[in-house]
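Enquirer: kindly generate the corresponding structure for this input.
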Amino acid sequence: MNILLCPLSDGGYLYPALAAGRELRRRGHRVGVLGRSGAGAVVAEAGLPFAPADDFGGARAFSAASWAPTGAEQYRATVRAAREARADLLVTSVLCNGTLLAAEVLDIPVVVIGLSVHLWDYRSGGGDEPQWGRTRENRTHECLELYAAVREQVGLARRPSRSPARSPARGPARGPSGEPPRWPDDPLLGEALLLRGDPALEYPGAVLPERVHQVGPLTWEPAADPAELAAVTDHLERSGKPVVYVHLGRFFGGGTPWPRLNATFTGGPFQAVVEQGRTADPRPAPGADILLVRKPWLGPLVDLAGLVLTSGTSAPVLGALLRGRPLGVTPNGSEQPVLSGACLRAGVAVHVPRTEQPDPSGQIGAAWRDDRLRERARTLGARLAAADSPVRAADLIERAARQSAPLGENQENQENHGYSISRPGHSGRGEPGGGRTPVDSPALGLS
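Expert: Predicted structure coming up:
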């Protein structure tokens, strides 16, 4: 099977897709990656072929910072690259409306890799869930409206995207009690939405939509540069203070955390390694015990720390839990309130208020000393680590391909490719030329 990975090119989205892609390639599938040109070196380290989206008119596409306004550009780049790759299936990130629509036009399945928690409406249950920030209903409605807007921009009728629930082989989609679904066919889910968390992070009693699956963290990241890691370690050892790892996400207009960070780590008992993440305006004070870094890896930095502070995004939360580190969360926008609330509910995090005072109620010190908090983090992290995540993700991706196969052996898709679904190996029906024509064509740069 020819598989094109089209994730957002930021590490928190790209790395999980690469983890799944590496397992799919191990199974004999042909896997390539479409993304921003700056992601090429990381993809090469993962051992997968890479195609710059710039070559297909998508220079601004696949950026987490601009996913909403560049949906049409992403759609066009994905269609062009997938046609050239003769892709049988696409794998993309949550929020990639352009790739969802490209899969519909190409009439091939698409699997979506989500975040650590489900952001949208549950299938049932969860009615008494406390709402952090916006409600699930509001978030679902807004995402569907953005999806519909991209449909209109690219000239498609305002209707749900292709979905296995609409396949004539399985009949119309229905809700859990046989009633029509609230949102027709849940177009945002693709053939399957893969969550990277654990059931403990979803609200008790809530039921996920039928095509949403827990697969675990899908962990992969580039190897740390030994010299860079040694420099960080030497710096921290000179201070000798216990280390807190701080991973900053986007602020979403919620104000900068730097006044609180500077107050907390100036003259106090702890020092901090602060990963800028997607922060464009770092402001460490001259006398603060803060080492500012920007690295494509976080695992070795978390290993040096005893506590992780974050706004509540998936990469640092999963990185902390997988290493048994408790969390301090200061959520702002997007997924942050939902995931932070899940971590607090699971008892693996404390809430650190956004203030300009130096940790006035001592949450950081209390969290550092809380053995029960640390034990719960270790327990949840061990469960995540045992998930065999890439295998589970690859199984579901292969299943999505099988379930979306044409009804008849001679049936062709809307593009009349004759290769809409193929099987692994040289005899797959989807491989032109009896399996002798590779997807890794020089024109696509997938060599």
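Enquirer: could you use CA atoms for every contact and neighbour count after this?
Expert: Fine.
Enquirer: show me the helices in the stretch 201-350 of the chain, by range?
Expert: Using DSSP state H, counting those that start in this stretch, the helices found in the stretch 201-350 of the chain span residues 226-239, 258-264, 299-303, 314-322, 336-345.
Enquirer: right, so of the ones you listed, which gets closest to Tyr75?
Expert: For the helices of the stretch 201-350 of the chain, proximity to Tyr75 was assessed by CA to CA; helix 314-322 is nearest, at 25.3 Å.
Enquirer: would you mind writing the CA trace of that closest one as PDB?
Expert: Output in PDB follows, covering the C-alpha atoms of helix 314-322 (Å, rounded to 0.1, in the frame of the first residue of the first chain):
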ATOM      1  CA  SER A 314       0.200  17.000  24.400                       C
ATOM      2  CA  ALA A 315       4.000  16.700  23.800                       C
ATOM      3  CA  PRO A 316       5.200  17.800  27.300                       C
ATOM      4  CA  VAL A 317       2.400  16.100  29.100                       C
ATOM      5  CA  LEU A 318       3.100  12.800  27.500                       C
ATOM      6  CA  GLY A 319       6.900  13.300  27.800                       C
ATOM      7  CA  ALA A 320       6.500  13.900  31.500                       C
ATOM      8  CA  LEU A 321       4.100  11.000  32.200                       C
ATOM      9  CA  LEU A 322       6.200   8.500  30.200                       C
END
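Enquirer: quick one: residues in contact with it.
Expert: 12, 115-116, 197, 217, 247, 298-299, 302, 307-308, 310, 326-327, 339, 377-378, 380-382, 384-385 (CA atoms under 8 Å, 6 or more residues apart in numbering).
Enquirer: try 7 Å
Expert: With contacts defined as CA atoms under 7 Å, 6 or more residues apart in numbering, helix 314-322 is touched by 12, 115-116, 217, 247, 299, 302, 308, 310, 326, 377-378, 380-382, 384-385.
Enquirer: repeat for stretch 302-312
Expert: Outside stretch 302-312, the residues that touch it by CA under 7 Å, 6+ apart are 243-249, 316, 320, 325-332, 336-337, 339-340, 368.
Enquirer: only the buried subset of the contacts of helix 314-322, as a PyMOL command please.
Expert: This is how PyMOL selects the buried members of these, with burial counted by 16 or more other CA atoms under 10 Å:
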select buried, resi 12+115+116+217+247+299+302+308+310+326+377+378+380+381+384+385
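Enquirer: next up, the contacts around Ala17.
Expert: Under the contact definition (CA under 7 Å, 6+ apart), the residues listed for Ala17 are 5, 7.
Enquirer: ok, it to Asp371 distance?
Expert: Spatial separation of Ala17 from Asp371 under the definition CA to CA, to the nearest Å is 34 Å.
Enquirer: output the below-cut-off pLDDT ranges for the stretch 151-300 of the chain.
Expert: Scanning the stretch 151-300 of the chain with the threshold set as pLDDT under 70 gives 158-185, 250-255, 278, 280.
Enquirer: show me what the helix or strand hosting Thr78 is in contact with.
Expert: Mapping Thr78 onto the secondary structure by DSSP states H and E places it in helix 71-85. Residues from elsewhere that reach helix 71-85, judged by CA under 7 Å, 6+ apart: 4, 53, 56-58, 61-62, 97-99, 101-102, 150, 153-154, 439-440, 444.
Enquirer: at 8 Å what do you get?
Expert: Outside of helix 71-85, the residues within contact range by CA under 8 Å, 6+ apart are 2, 4, 6, 34, 51, 53, 56-58, 60-62, 96-103, 106, 150, 153-154, 439-441, 444.
Enquirer: what about burial for those residues, which qualify?
Expert: With neighbours counted by 16+ other CA under 10 Å, those contain buried members at 2, 4, 6, 34, 51, 53, 56-58, 60-62, 96-103, 106, 150, 154, 439-440, 444.
Enquirer: just the ones in helices from the residues you listed, please.
Expert: 97-103, 106, 150 (DSSP state H).
Enquirer: and those, which two are the farthest apart?
Expert: Distance extremes for those: the farthest pair is Leu106 and Val150 at 16.3 Å, using CA to CA.
Enquirer: surely Arg60 touches Thr70?
Expert: Yes: with contact defined as CA atoms under 8 Å, Arg60 and Thr70 form a contacting pair (6.8 Å).
Enquirer: quick one, phi psi at Leu95?
Expert: Backbone dihedrals for Leu95, given as degrees, to the nearest 10, come out at phi 80, psi 0.
Enquirer: next one: the residue nearest to it when sequence neighbours are not counted, what pLDDT does it get?
Expert: Using CA to CA, 6 or more residues apart in numbering and skipping the chain neighbours, the partner closest in space to Leu95 is Trp67 (6.9 Å). At Trp67 the predicted local distance difference test score is 82.
Enquirer: OK, contacts around Trp67?
Expert: Residues 61, 95-96 are the ones in contact with Trp67 under the rule CA under 8 Å, 6+ apart.
Enquirer: which among those gets closest to Arg354?
Expert: When the contacts of Trp67 are compared for distance to Arg354 (CA to CA), Leu95 comes out closest, at 27.7 Å.
Enquirer: circling back: what residues sit buried inside the helix holding Thr78?
Expert: Across helix 71-85, burial judged by 16+ other CA under 10 Å covers 71-82, 85.
Enquirer: make CSV from those and add distance to Ala288 and pLDDT to it.
Expert: Written out in CSV, the entries for the buried residues of helix 71-85 read as follows (distance: CA to CA, whole Å; pLDDT from 0 to 100):
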residue, distance to Ala288, pLDDT
Gly71, 41, 94
Ala72, 44, 95
Glu73, 43, 96
Gln74, 42, 97
Tyr75, 45, 97
Arg76, 47, 96
Ala77, 45, 97
Thr78, 45, 97
Val79, 49, 98
Arg80, 50, 97
Ala81, 48, 97
Ala82, 49, 98
Ala85, 51, 96
